[in-house]
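have a look; sequence and predicted model below, questions after that.
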Amino acid sequence: MKKRTLKIMLLVAVVSFGFFSCKRSSSNNTSKATGWRIDGKDGGFTANTKYKDQETAPGLVFVEGGTFTMGKTQDDPMHDWNNTPNQQHVQSFYMDETEVTNLMYTEYLYWTKTVFPPENENYRNIYTGALPDTLVWRNRLGFNETMTTNYLRHPGYAEYPVVGVNWIQAVQFCQWRTDRVNEAVLEREGYIAKGAKSVDSLSPEATFSTEAYLTDPTKTYGGKIDEYKGRIAEKSNKSKDSTESDSNVYAKRTSGVILPEYRLPTEAEWEYAAKGLDGLREYNNVRGRKKYPWKGEFTRSGNRKRRGDQLANFKNSKGDYGGIAGWSDDGADITARVKSYPPNDFGLYDMAGNVAEWVSDVYRPIVDDEASDFNYYRGNVYTKNVITDEGKSEIVTTSTITLDTLPNGRVMARNLPGQLAETPIDENETYLRTNFDKSDNRNYRDGDVSSSRYFDLFNEDEDGESDAKRMYNAPKHVVGADSTGMLRQYDKSNTRTTLIDDNVRVYKGGSWKDRAYWIDPAQRRAFPEYMATSYIGFRCAMSRVGSKAQGRKSPRK
């Protein structure tokens, strides 16, 4: 009898332990605030409690953020005075392993031409606005017609960095890439059916936009998203007993599957990534004494197997772009195939030489570290969604495409059908705020009274804006069109004092056309955002959400 009682007691203990163990194991699905379920099974709030880490998107490598000395701390024979050393901190992010190649860009052109056929007058400027300027290869006293006609599309140059792309085109490529990658992710995860993203089957009004999908997924694919339901939606509608709730038919930010946007890196991010401090923890390197993306003070390799080989593609000297035939100094005369040279410690290729690269910042001679030493960036323009009378976010259609005529006369589409319509923020968003007070912050702390020594002597110019308010009074060329055709009015004012304005962007790194002086990551130059060259390319970046390091959920103790 005693043995039977003992067995019953042990059985009760085991069952109780299992009950409480199960209860503890499911605690992730229970709110710590209310005790309610947060897995959506009761038809209530749903949270992704199984989220592990941000996946590395196609083409990117992880760059763990940290503190570094931005700017040039070594010899500066040019005396530019625009890269004064200052200490900055950048958050972790992702960056393209290589520059964007001709193959990658022509894929973008194919998609654009297929979805928005240029023979349709409504879409003509979308495709032509995305085309690189292949005439950048021409030289008055040089024979470069082979590159003019072949460099972009010939398979021999497929894995070479794309050039002839202006800053605006680079930004639009990043937006296109964001939508295509997230569309593929949603297909993979079962939110949309396989084949839904087929380029040939898409109509111009039914393109996928990440932000539009997150704001109102029912309008995706021109409001026909139900025709492209994936296995998750089908499973949800198949049975009431399904573990999936209606809220999971569409992916949301809380789902954790949609990736942040591809974008151009900031100047601080690019310089930090180029220096490749990940594998070098010596004091001098962290404090800015690192001259190149590789370790050492020279451009040639000290490795026994590659001793004497150049570590980047740049101009060696006057008339020397690649060395003597049969024994090339750097293996290239113009650009080189990506990954032709060793990567830096972050795993990034060609962060010195090959092509210089656009970054997202507006150029100013001084990096204002007094205003910001965390994720420094000049160029913020804050916008909000346009809301219709029905209280819904407005989606761009064929009839509401906005076209911009650039100062050089090129016409480009500012937005595409399927995207969200946006407008600058107003006083409703800025009232009583202390961290920002207007939409366009590109000229923040420029031309205010405290920074203008003779501000009271300046008069208003032709556009009614005083030079005291616009410290950088660059020429304003007017371009427009009327029934007679394109009109161009060149600014011939003799009161202009600079070429710097809010449309001049920073580009970093040296190129195949530059001497070794420019391949120092600290060097910075500027160029109008609407112009392109044969030596400026770009690569994309992506912000990291969550922990600072991959696989690390909390700070080291």
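Looks like it arrived, so ask away. Residues are numbered from 1 along each chain as shown.

so what's Arg37 scoring on pLDDT?
Model confidence at Arg37, given as pLDDT, is 85.

over to the one 10 residues further on?
Reading off the confidence values, Ala47 has pLDDT 84.

quick one: contacts for it?
For Ala47, the contact set (C-beta atoms under 8 Å, 6 or more residues apart in numbering) comprises Ile38, Asp39, Thr254. Just so you know, the C-beta spots here come from the backbone N, C-alpha and C atoms, and that holds for glycine as well.

that one and Leu259, how far apart?
19 Å (C-beta to C-beta, to the nearest Å).

wait, doesn't Asn166 sit right on Thr533?
No. In this structure Asn166 lies outside contact range of Thr533 using C-beta atoms under 8 Å: 9.0 Å.

okay, these two: which has more neighbours?
More neighbours surround Asn166 than the other of Asn166 and Thr533, with 26 against 19 (other C-beta atoms under 10 Å).

for the more buried one, which non-adjacent residue is spatially closest?
Ala532 (4.4 Å; C-beta to C-beta, 6 or more residues apart in numbering).

now swap in Pro132 and tell me
Counting by C-beta to C-beta, 6+ apart, the residue nearest Pro132 is Gly164, at 3.6 Å.

for the one you found, the count of nearby residues, please.
When neighbours are counted by other C-beta under 10 Å, Gly164 comes out with 23.

repeat for the one 10 residues further on
The criterion is other C-beta under 10 Å. On that basis, Cys174 has 20 neighbouring residues.

secondary structure element for it?
helix 167-189 (DSSP states H and E).

which helices and strands sit right next to the next helix or strand after that helix?
Per DSSP H and E, helix 167-189 leads on to helix 210-215 as the next helix or strand towards the C-terminus. Counting contacts by 3 or more C-beta pairs under 8 Å, 6 or more residues apart in numbering; DSSP states H and E, helix 210-215 packs against helix 167-189.

and the helix it packs on, what does it pack against?
Looks like helix 167-189 contacts helix 102-115, helix 124-130, helix 210-215, strand 262-263, strand 356-362, strand 411-413 (3+ C-beta pairs under 8 Å, 6+ apart).

could you redo the last one with a cut-off of 7 Å?
Secondary-structure packing of helix 167-189 (3 or more C-beta pairs under 7 Å, 6 or more residues apart in numbering; DSSP states H and E): helix 102-115, helix 210-215, strand 262-263.

chain center to the shortest one, what's the gap?
The reference is to strand 262-263. In this view, strand 262-263 has its centroid 2 Å away from the chain centroid, taken as C-alpha atoms, centre = their mean, to the nearest Å.

average pLDDT for whichever helix or strand comes after that strand?
Going down the chain from strand 262-263, the next helix or strand is helix 267-275, by DSSP H and E. Computed over helix 267-275, the mean pLDDT rounds to 96.

ok so, going back, so which of the helices and strands packed on helix 167-189 is the most packed in?
Most buried of these by mean neighbour count (mean count of other C-beta atoms under 10 Å) is strand 262-263; its value is a mean of 23.

point to the residue nearest the middle of the chain.
Arg263 (1.0 Å; C-alpha atoms, centre = their mean).

hmm, that one is touching Ala541, no?
Yes. Using C-beta atoms under 7 Å, Arg263 is in contact with Ala541, at 5.9 Å.

all helices for the stretch 351-500 of the chain, in order.
427-430 (DSSP state H, counting those that start in this stretch).

give me the low-pLDDT residue ranges for it?
447-470, 481-485 (pLDDT under 70).

if we go to 50?
Filtered on pLDDT under 50, the stretch 351-500 of the chain yields the residue ranges 464, 466-468.
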